[in-house]
Structure formats: C-alpha cells, structure tokens
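Q: Give me the fold of what follows.
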Amino acid sequence: MASKQKRKSNGLSDVKTLGLQLLSTRAHINNLPLLLSFISPTSPPNYVVESLLSLQSFFLPLLPDLPSSSSSPLDISSHDPQLIYRVWIRSKFDDFIKSLVHVFVSPQSDETLKEVVLDAMMEFVKVANGGKFSSSLYHKLLHGIVHSSDEVVFPVELLSSKYFGYMDVRYFTYISLGRFARTLEGKVISGFKLAKEDGINESPLNPSLEHVIRNIYCTISHASPIQSLDNPSNFEMWSESVGFLSKEREHEQLSKEGDLDDNQLKTEKRNSNVTSAGTIAKKMKSKFSKAWISYLRLPLPLDVYKEVLVNLHQAVIPHLTKPNMLCDFLTRSYDVGGVVSVMALSSLHVLMTQHGVEYPNFYEKLYALLVPSIFMAKHRAKFFQLLDSCLKSAFLPAYLAASFAKKLSRLLLSVSPSGALVIIALIHNLLRRHPSINCLVHREDGDEEGKDESKTNKVISDKIDDSKTGAMPCKKLGIDHFNNGETNPRDSWAMRSSLWETDSILQHYCPPVSRFALSLGTDLTVRAKTSEIKVEDFSSGSYATVFGEEIRRRVKQVPLAFYKSTPSSLFSATDSAGWTFKLEAEAAQEINERDISEHFYSPAKRQRKEGP
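A: You can find the predicted model right below:
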C-alpha cells in the first residue's frame, strides 16, 4: 500500500514538473500534448487540476495573438514558422477546450472538479476575445451541455448559480439556445419529410433529439431574465460585451480627466443610466423571445410540454417583447382537451385579459372541461380560480351563466365533499353576479315552463289507475329540460331548468357541505347584504382538509342516547311490530344440536366409516 501511494505521489510530482517546464521555456513545448492527456474524466481529479492550472497559465497570455479556429497550416500561403506555430497552439487550445467540456458534463467527474473546470472555462470566455465576451467559446460550452447524453441538471444548476447573474452571460445564453432550437427544428422537418415519403405518419423524433430537447429546456428554464431590468445596479457584466454600458464608462473616463464637473457628471450619468437600462431591457427581451419562440416550435415530450404550460404565464409571458406570439401555441394546447387544456388556461387567460387576444370558442372549451375528473386533477386549485375569474364579467350572456351554473350543480351529485364545497362557492358567485339566472333557484308554477309541465303531469296522472293513486301520495312529476351531454352551452337548455341538485345536498352526508349549501337559499340579488366567496379558500381542498376542519370545529350540543339497561338487540320490539330480533335460548340450543348432528352423522360421513 505504501509503495502504491508513493508511486501516485511521484506521478503527481511528474505532472507538476511537466507544467513548470512548459511555462519556463519553449524548448519543452512537447510537454503540451502530455499535459492534455491528463484532462479526462478517467484521470484522477488531482492530476486533472494540476494539468489544468499549468495549461491555463500557458494559454492565457497567448490567446490575444492566436489565430481563429478556422485557420490551418494548409490555408497559409506563407511559410512563416511563427504563424505555423501559433496555428498549432490554437489547435491544441481547441483540444483543451473540448477536453474541459467533456470533463464538465461527464457523470464520472465529481462536483468539485466540475466547478474548477467551469471557472477555467469562463475565465477563457472572459479574455479570449481581446477582453470582450468570447461567444464562440461559450457556445461550445453550451453545445456540450445541450448535446450531452448524460444528465445535465448539476452542470446547468452550477452554471446558473455562478454565472447567470451576469447580464452578458444570459444574453449569449439566449442566442446559443435559439440557434440550437432552430437547428433541431430543421432536423425534425427534414425527418418528417423523409418519413412522409416512406408512408410513415408518426413523429420522426428519435430518442437522441428528444434528449437534446430536454437539455435545452433544462438550460433555458434556469436562464429566466432578471425581474428588475429598470435598475441599472443589476447590470453586472462578466466582460466587456456588446457595449451595453459604453456611455456610462465614457462619462466616468471624462470625469477622471477633469472634462466634466460634478453636476454635469451626475446629469450625464443619470441620462446614460436611463439609456443603458432601456437598451439592455430591449436587447434581453428580444433574444429571450427569439429563444423561447424557437424552442416552442419543437415537438416537445409530453412531460416537458406540461411543465412548460404550467410555468409559461409566470416565467415567460411577462418577459416577451410581443406575448401575442404565443397565441397559436396556446390555442392549440387549449384545443387538446383534458389536463393539457387546464394547464394552458392560465397563459391563455393572461393573453385574453392583458394583451387583447380574442378566442371565440373559449367558453365552449371551458364548459367542456367541467367533468368529474377535473376535481381530482393535480392543478385543480388554479383551474377553479381561473374559472371563477372567467365567469366574473357582467357582460356574460344569461344563457352562458345559466349553463355553467346548471353544469356545476349537476356535478354536485358525483363529486367528493371537497369538490362540492368548490361548486357551491362557484354557484354562489354566479347567482350574485348575474341576477337574471336567479329564476333557477326556485321556479313557481305560474312560470311558462311550469304551466307546460303541469299540463303534462295532469295527463300522466289521469292515466294512472285509481286504486294505485289511492295507495300512494299525490306527487307532481317534473321534467328537467337540461341536456347534460350537450357540449355547447348555447344548446344545453339550462334556462328552462332549475338548480334542484342544490336541494339534494341539504341532506348531504358530510356536514360542512350541507351547512354551506344553506347559503344558496338566501336572496343573492340583494348585493348590499351579500358578498362573493373566495374560491381559493376551497379550491385546493381534499378529504383530509374537510375532515381536519370538521374535527377542529367546536360543537355546542351533541345528541346522546341513554339506556337504563344494556341493550341486547339492535332494534326493540316496539320498533317493528310482528318481527323478532332476539333468539330464545331453547331455540338456539335446538339449532345448535341440529347443526352438530348434520355435520357428524351425514350419509357421506357414514359411508366413509363403513367402507373397508
């Protein structure tokens, strides 16, 4: 063991020696490929770090004089040895960057090593372009992350926590991600054309492209814009990129030279801050919008698609230059139906209420989402709040408000107690906002529909046999004109119906539901004495929340039953005359003896005994 540790220490000292020789004189330039061979995920971390430090010290002073990566010895017309040497150094630097990216995204590298590699990469990004941001090097870093076949959550989180706070890093992140998305879109379109020529109509998305799409989303979701773009103090740059703050630095330089006094400096600096703030906000929104619009054109996997819809209204729409560009994407998502429509509702509601987007079939699609399964959905709380908000407009037609109220009341018969509480709150708000549908609560016999129904009931009752009608109480038969299976609220005939389902839950087995249903019996047209109910107080309820609220409720009176003697039967003799629920002792003994005799002395038992 001791010899093995000694061999390792000698190897590390050899790596240090190679680095010192490389930095000391050009005569040891052949040490460069040897040091590059240690930059690998399979190498020991201390070997990688030692080689990295030596190579970083070697390349940093040479970067400003190196040619671009596109140059090669074949392209050089002259035979200048110095130029050929610099081209060779540039090729080794490119190999060095590829090795660093490979180590950074490899699952074999530990977290500490990845952080060291990222810092070295970003240092090259800062100085490789003559003191300005090297977008080409940073593009290689993101390309390695996005096209990695392994998990990239930690590399992206590390990049986000350390460098996404710089405005120029975010800026070039959006540019690179937009390019990746547009390249993938071209591959998907070409693949779809080839598949269509072969007679295949399925999606041409293969697992490798799907993994790249997931990696792009992981990166772009961590690179959301800084909220307060109007504050120039947040404009921290990693390098001198795109001249965002050129005017402010120019004024600071003039003040140092004495060309501006203090008052002029304050005025000029205030104006430059406003200009730079507007410029940065405009450029950031432009690149952010292009990146997201390009990404949303891709065929997203279902889980990524749902996550995008959930976060779109908060993380994307407020930062777009033109949020209306998402109209087609959201309307297609809303037309899918089911859970996808519920998730798209939040963003579509923002476009309709804040950005003037018109969607003619919005309420028809919203009406179709009212099914029992929606009360068990994961995002039901946000859906019910948006549903209440969408039905708040005073310009809503009476037939539409009546259809939603009747559809919700019909769902009272099949949903859980927590869902019933939400429905009662929604119906309460509908009746208060739209007095024209309060006729659904109690319909008199003098109504037009009531007269038609009374005539029908009279004809039916006349045909019933007199002997039967004498044995049963006289009940008026009613007809519910509401068509629950109709998907268009205009044709549901809700205005000819009534909310009879709300009366049925007055005897609900869950006490909170029956108590809450009493609020629908008040006159909600008197707006001065009533108020709207906050749907968010009930939207996220479940069996656990209903039960928890009920056991915390203080009950003043509890019904109790007292017995003078311990009861021997479930029902007493007076409860059901002519029936006996108590087994006499002699009858019980007789039944017991008969069962024993049939068990031990049955013919089958005797045959087995008399056999051999």
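Q: Toward the C-terminus, what is the element adjacent to the lowest-mean-pLDDT helix or strand in the chain?
A: Within the chain, no helix or strand scores below helix 466-471, which has a mean of 39 by mean pLDDT, DSSP states H and E. Sequence order places helix 501-504 as the next helix or strand after helix 466-471, per DSSP states H and E.
Q: Quick one: list the elements packing against the helix or strand just after that following helix.
A: As assigned by DSSP H and E, the chain's next helix or strand after helix 501-504 is helix 511-517. Here helix 511-517 touches helix 417-433, helix 543-551, going by 3 or more C-beta pairs under 8 Å, 6 or more residues apart in numbering; DSSP states H and E. (C-beta placed from N, C-alpha, C; glycine too.)
Q: Quick check: which of those is nearest to residue 153?
A: helix 543-551 (32.1 Å; C-beta to C-beta).
Q: Identify each buried residue in that closest one, please.
A: residue 546 (16 or more other C-beta atoms under 10 Å).
Q: What is the burial count for the closest residue to residue 316 other than its chain neighbours?
A: Leaving aside its sequence neighbours, residue 316 sits nearest to residue 292 (C-beta to C-beta, 6 or more residues apart in numbering; 5.6 Å). Counted with other C-beta atoms under 10 Å, residues neighbouring residue 292 total 25.
Q: and what of the one 4 residues further on?
A: Residues lying near residue 296 (other C-beta under 10 Å) number 19.
Q: can you redo the helices and strands packed on helix 511-517 as a markdown table with mean pLDDT and distance to residue 536?
A: Formatted as a markdown table, those follow (pLDDT from 0 to 100; distance: least, C-beta to C-beta, whole Å):
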| stretch | mean pLDDT | distance to residue 536 |
| --- | --- | --- |
| helix 417-433 | 92 | 9 |
| helix 543-551 | 85 | 13 |
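Q: Please tell me I have it right and the residue nearest to residue 316 contacts residue 320.
A: Yes: look at residue 292 against residue 320 with C-beta atoms under 8 Å: they come within range, at 7.1 Å.
Q: anything in contact with each of the two?
A: Listed as contacting both residue 292 and residue 320 by C-beta atoms under 8 Å, 6 or more residues apart in numbering is no residue at all.
Q: Please enumerate the strands of this protein.
A: Assigned strands in the chain: none (criterion: DSSP state E).
Q: Now do the helices in the stretch 301-450 of the chain.
A: 302-315, 327-336, 338-354, 362-368, 380-390, 398-411, 417-433, 448-462 (DSSP state H, counting those that start in this stretch).
Q: can you redo the helices and strands packed on helix 511-517 as CSV with distance to residue 330?
A: Below are the helices and strands packed on helix 511-517 laid out as CSV (distance: least, C-beta to C-beta, whole Å):
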stretch, distance to residue 330
helix 417-433, 24
helix 543-551, 31
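Q: Give the residue spans of the stretch 401-550 of the chain that score low on pLDDT.
A: Low-confidence regions of the stretch 401-550 of the chain, defined by pLDDT under 70, span residues 443-478.
Q: What's the separation between the closest residue to residue 285 other than its chain neighbours and residue 184?
A: Computed as C-beta to C-beta, 6+ apart, the closest residue to residue 285 that is not its neighbour in sequence is residue 321, at 4.8 Å. Using C-beta to C-beta, to the nearest Å, residue 321 is found at 23 Å from residue 184.
Q: When these two are compared, which one has more neighbours?
A: residue 184 (21 against 14).
Q: The more buried one against residue 214, yeah?
A: No: the criterion here is C-beta under 8 Å, and residue 184 misses it with residue 214 at 11.6 Å.
Q: Between these two, which contacts overlap?
A: Counting by C-beta under 8 Å, 6+ apart, nothing touches both residue 184 and residue 214.
Q: Need the pLDDT of residue 236.
A: Predicted confidence (pLDDT) for residue 236: 81.
Q: which one is it nearest to, not counting chain neighbours?
A: Nearest to residue 236 is residue 166, by C-beta to C-beta, 6+ apart, at 5.7 Å.
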